[in-house]
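Participant: Below: sequence and its predicted model.
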Amino acid sequence: MKQKIVFLMLLAAALVFLTACWSSHETDELGYIILLGIDKGERNIVNVTFQLAIPQPIEGGDAEKASEVISVEAPSLFAALELADSFISKHLTFIHNKAIIVSEEIAREGLDRYINPLVRSREVRRTNFLMVTQGKASELIQANKTLVFERYPSRQIDIFMAASRTTGLLPHADIHRFYEGLNSPGSQPIAALIGMEKKSPEKEKEDELKQQEQNSKEKVEQGLAYLPGEIPRKGGNEIEIIGLAAFREDKLIGYLNGKETRFYQLLTGNFVRGSVTFPDPDPKEAGSNIIVAEIIQGRKPEVTIDLRQQKMKIRLFLEGEILSIQSGENYEQGRLRRQLEDYVSRTISREATRLIRKTQEEFRADIFGFGENTRTDFLTWQDWIEYDWLSKYPQFEVSVETEFHVRRTGMMMRTAPSEQKEG
Amino acid sequence: MANFWEKLEEKLFNFKNARYQEKFILEPGNEDKTEDKGEGKAEDKGEAKGQAKGEGEEKALDKAKDADQDKGREQEKDQAGDKDKEQNQAAAGEKEDKERDADQDKNKLKKPRKPLPLHKQKEKRSGKPEDLYVSMDLETNREYLNKIYALSKNKDIIIRDFYIATKPPLKAFLIFIDGLTDKNIINNDILKSLMVLIDEGEIVEERGRLAEYVMEHLLPGHDVALLDQYRSILDLVNYGNTAIFIEGCDKSLVIETKGWDRRGVGIPQTEEVIFGPHEAFNETLRSNTGLIRKALRNEKLITEIQKIGSRTNVDVAIMYIDDLANPKLVEEVKHRIASIKTDYIGVAGILEQFIEDAPFKLAPQVLTTERPDRVVSFLVEGHVAIIVDGSAQALIVPVTMFSLLHSPEDYYLRVPYGNFLRVLRVLALFITLLTPGLYVSVVNFHQEMIPTELLLAIAAAHVIVPFPTIFELFVMEFAFELIREAGVRVPGVIGNTIGIVGALILGQAAAQAGIISPILIIVVAITGLASFAIPNYSISFGLRFIRFVFTILAAFFGFFGISGGLFLFLVTMVSMKSFGVPFLAPVGPPVKTEPDVVLRGPVWSMEKRVDYLTPLDEIRQPKISRGWIKNTRGGKQQ
């Protein structure tokens, strides 16, 4: 009996000493990486950039000191992490990493080799956002050091990415989505786009020229078609997250701008709501007046694919609320309302079709994941893989139908024309 | 229980046997006596001490009697035949006594009042109060008392000599303990009526029934007993009664004159409520039982009294409703209390430790309350209440964990409010138990679990602290427990100051000095606050203790340790029993119950009593308990 007790106690002790608190770390021993940037290395294979959050006192913390950016060149990601440990007095960890930023250069070469260890790692969450920058990731992260609204970059990224639900200008692209697209025979991966505000004088001139050339209608139609760094603005953070990077397999194939990204979101059913600006339905007024409507996706789009005839039909179901009617026409009611609904439907269908064509002809990549819907046409997985959807996708004939209904007209029942007096 | 009876009978048999043999060995002259005789004596003895013994034993004796009924009759005859023999022996015994007490009057002893039974003779020689009987001779009695109470040393025991103003005057004295008795009663009601108020011509002739005569005719007093055994007289005198010894009487008159200084009915100290009665028990048994009877006006409410503690001789009242409480439960409670052999049980808390099932488990298996209304609510459920004289708390058995987490106020408030309190309390339970552990494991092992900003805030607060989190936590928890303990022990006047100094200044200063991180103070404070929200002091203690176990587990193993700890905790809880009732009933094991476990239903929906007690009357109220409701089904609101 006594022996038994001693044995059990030893067993319990072993439990304590074998597992125990070796993996225990105090909160201030760890260095929390918030942003991870990957560039091509100059002296070694990769140049890895970390933005670390530096804990600030609860009272009177300084946002400028709240983060630190370091870059290390190393043969691999985790080698860089360990190298960094030798000059940062913290044990670096990915557990609170928010986003991974990859330079265009690397993305065009193929991302698989970089994403794989991240997906495999215990520390990195698959909810990490994946972004591609046209320039260098290290420069971009360095620029992000001065935060305007937040103390820590972590909150900043969270809020940025929440915009994919409120504006639809950027996709909700995390590494899980990327990995899924990478391995699925029915879709191709995507990533979000990030960039720095371009401050060069040449660019400004270029923009000015462009703007002068366009008339009002074109401007409106062009809408939010910006890539990062192109947004005409002053002030605010130096970084911009807008648009989408399309991949074929693991290689970057092209970009979608903000406007296109919206239609991408609509077609994948991820669009929640966002206000869209249209030129006035009346061709006479189109140059001068606009209509703004908040578009809400009523339900997921219906995708019907006919494999025999190679036809693809997509139906979008949208609802909306009118935000602004400049012309003073009473589009809220009756015939005019139906006319407006028609107009919006047509516009959206046209734009959506144009986007799909772009992915078919330019990218030759099904980034929407339409292919996932064809699974039901095959009896076995092997049949599906053999069919090779991704290579056949560009040949499909596409038609987009949109059902749009104005559900609400804002706080006005009808447009009351303003009194106009000849002065 | 059946097992219990068998054991009891077996014991009784051994007991009888032992007495029989003892007699044989000690009294070699009695060898010729029959076996029947021996058994008869044992029965006599049993009956004489019947009061002190448990009811169970008496019943067992009855059984034994039934079996031996025929023999018993024969034995009576035998007894008559043997009377002469016995008388001789008795006389011999008395003679020995006389030799010891030289000043005794020999004439008085020539006529012994009755033949002393054999065992009495033998016992008389020992000089213990158990064996002494009131003598007809006043001086002998005085001598006995002198010896028993050591009157030369014992100064608060008072003997007052007086003459009862009859014709002829009767010499008498009374004995009482100063401080325990009401002097007004002794002066006005006893002494005055015996010395002054008697008619001059009052002649007492019935010398044999002298004591009875005094009791029946002369002595006013609501509670007078005639006793001849010193043990029982002393028990009463020690408890504030007054005993009168009269010349020529072989019995003593014991009059109830209790009247010591005592605390009145106060307000509850540990179980305060906002709505509800503000009465609490005090230290006097009778006033406590009275408080319960006042609220439970039912002749079926039984108050059984047992004495415990060989030196303190404290009364313990066992209260239950006769036609409601499960008889086996009542029997078990009485059996447990009767079986206790110890010298001192003065407080309910000590009795609790003697009767609980699992002394080393961290949850109490007896509910301690100071509220009469709480006791009543349990009595009408079919529970048994135990009240110890001198203790301002009542014990209630059996008890489940859920009733430990209820507060009487839950029932006094309307359903939504009551349930709000219940939910709050369940949260408080988990906060008390787990918060420090969760904090340590999140901060040391699972940093990814919390929002980045919170983690950074914690890290920022910890940067200047030189100790590991677990050490910090223990320092702070220790300080908190110190404040708590000190708050109880310090004199009331500065008690509040201790709280303020401890909680505010210490915490603030420790954080500023960089010894403790401010977030940790929040954790400790919330834990402490939550532990105060647990209504039962005992289980709150248990939780306070267990939370340290969880903290250590968390410091070693993180969440894995906590979940392991929770598992073990639950296993121990499930395996516990309180007087035969599983501690987690009605959840584990699941039994039928009315909606009153974690949340409670409306009072009119609780139609049956709890199932795990199997009360004699299961129905608490009919299906339609609100007679005024119309157009509804089953009295329940649609």
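Facilitator: Arrived safely. Residues are numbered from 1 along each chain as shown, chains lettered A, B, ... in the order given.
Participant: Quick check: chain neighbours aside, which residue is closest to residue B:326?
Facilitator: Closest residue to residue B:326 in three dimensions, ignoring its sequence neighbours and counting by Cβ to Cβ, 6 or more residues apart in numbering or on different chains: residue B:614, at 5.4 Å. C-beta: built from backbone N, CA, C; applies to glycine.
Participant: so that neighbour makes contact with residue B:325?
Facilitator: No - counting by Cβ atoms under 8 Å, residue B:614 sits too far from residue B:325 to count as a contact (10.1 Å).
Participant: quick one: which of the two has more around it?
Facilitator: When residue B:614 and residue B:325 are compared on other Cβ atoms under 10 Å in any protein chain shown, the one with more neighbours turns out to be residue B:325, at 25 against 13.
Participant: Show me which helix runs longest in chain A.
Facilitator: For chain A, the helix that runs over the most residues, judged by DSSP state H, is helix A:334-358.
Participant: Quick one: name whatever helix or strand follows that helix.
Facilitator: Moving toward the C-terminus from helix A:334-358, the next helix or strand (DSSP states H and E) is helix A:381-387.
Participant: Count the residues that sit near residue B:363.
Facilitator: Applying other Cβ under 10 Å, we find 22 residues neighbouring residue B:363.
Participant: Residue B:318 too?
Facilitator: 20.
Participant: which residues does it bridge with?
Facilitator: residue B:304, residue B:386 (DSSP bridges).
Participant: still on that earlier bit, show me which residues of the longest helix of chain A are buried.
Facilitator: By neighbour count with 16 or more other Cβ atoms under 10 Å in any protein chain shown, helix A:334-358 contains the buried residues A:336-337, A:340-341, A:343-345, A:347-349, A:351-353, A:355-356.
Participant: which residue does the stretch 451-600 of chain B bring closest to chain A?
Facilitator: Taking Cβ to the nearest Cβ, chain A has its nearest neighbour within the stretch 451-600 of chain B at residue B:460, 3.4 Å off.
Participant: check which helix or strand covers residue A:130.
Facilitator: Here residue A:130 is covered by strand A:129-133, with elements defined by DSSP H and E.
Participant: ok, residues contacting that strand?
Facilitator: Residues lying outside strand A:129-133 but in contact with it, judged by Cβ atoms under 8 Å, 6 or more residues apart in numbering or on different chains, are A:98-104, A:107, A:115, A:140, A:157, A:161, A:173-175, A:177-178, A:191-196, A:228, A:241, A:245, A:252.
Participant: let's see it at 7 Å
Facilitator: A:98-104, A:107, A:140, A:157, A:161, A:173-175, A:178, A:191-195, A:241, A:245, A:252 (Cβ atoms under 7 Å, 6 or more residues apart in numbering or on different chains).
Participant: Distance from the strand or helix carrying residue B:142 to the middle of the chain?
Facilitator: Secondary structure here is read from DSSP H and E; on that basis residue B:142 sits in helix B:138-149. Helix B:138-149 has its C-alpha centroid displaced from the chain centroid by 33 Å (Cα atoms, centre = their mean, to the nearest Å).
Participant: Would you mark the buried spots in that helix?
Facilitator: By neighbour count, and taking 16+ other Cβ under 10 Å as the criterion, the buried residues in helix B:138-149 are B:138, B:139, B:140, B:141, B:142, B:144, B:145, B:148, B:149.
Participant: Quick one, grab the pLDDT at residue B:102.
Facilitator: Residue B:102 carries a pLDDT score of 45 in this model.
Participant: let me fix that: residue A:337
Facilitator: The predicted structure scores residue A:337 at 89 on the pLDDT scale.
Participant: From residue A:290, how far off is it?
Facilitator: 17 Å (Cβ to Cβ, to the nearest Å).
Participant: Ok, residue A:165 next?
Facilitator: Separation of residue A:165 from residue A:290 (Cβ to Cβ): 24 Å.
Participant: Equivalent analysis for residue B:214, please.
Facilitator: Distance, residue B:214 to residue A:290, using Cβ to Cβ: 118 Å.
Participant: Give me the subset of the contacts of strand A:129-133 lying in helices.
Facilitator: Restricting the contacts of strand A:129-133 to those inside helices, with DSSP H as the criterion, leaves A:104, A:107, A:140, A:157, A:161, A:175, A:178.
Participant: before we move on, back to that, can you tell me the helix or strand for the residue of the stretch 451-600 of chain B closest to chain A?
Facilitator: Applying DSSP H and E, one finds residue B:460 within helix B:452-462.
Participant: for residue A:151, same thing?
Facilitator: Assigned by DSSP H and E, residue A:151 falls within no helix or strand.
Participant: wait, it sits on residue A:64?
Facilitator: No - with contacts defined as Cβ atoms under 7 Å, residue A:151 does not count as touching residue A:64, sitting 9.8 Å away.
Participant: Number of residues surrounding the residue in the stretch 151-300 of chain A that chain B sits nearest to?
Facilitator: Chain B sits closest to residue A:154 of the stretch 151-300 of chain A, with a gap of 4.0 Å, by Cβ to the nearest Cβ. If you count neighbours by other Cβ under 10 Å, residue A:154 ends up with 26.
Participant: Then residue B:291?
Facilitator: Other residues near residue B:291 number 23, with proximity taken as other Cβ under 10 Å.
Participant: quick check: mean pLDDT across the helix holding residue B:142?
Facilitator: Averaging pLDDT along helix B:138-149 yields 89.
Participant: Residue ranges in chain B under the pLDDT threshold?
Facilitator: Chain B contains residues with pLDDT under 70 at B:1-5, B:8-9, B:11-127, B:200-208, B:631-638.
Participant: how does it divide into domains?
Facilitator: B:2-90, B:118-255, B:285-399, B:415-600+B:609-613 (automatic domain parsing).
Participant: Regarding the last one, how distant is the last residue from the first?
Facilitator: Spelled out, it's domain B:415-600+B:609-613. Across its full length, domain B:415-600+B:609-613 reaches 25 Å between end residues, using Cα to Cα, to the nearest Å.
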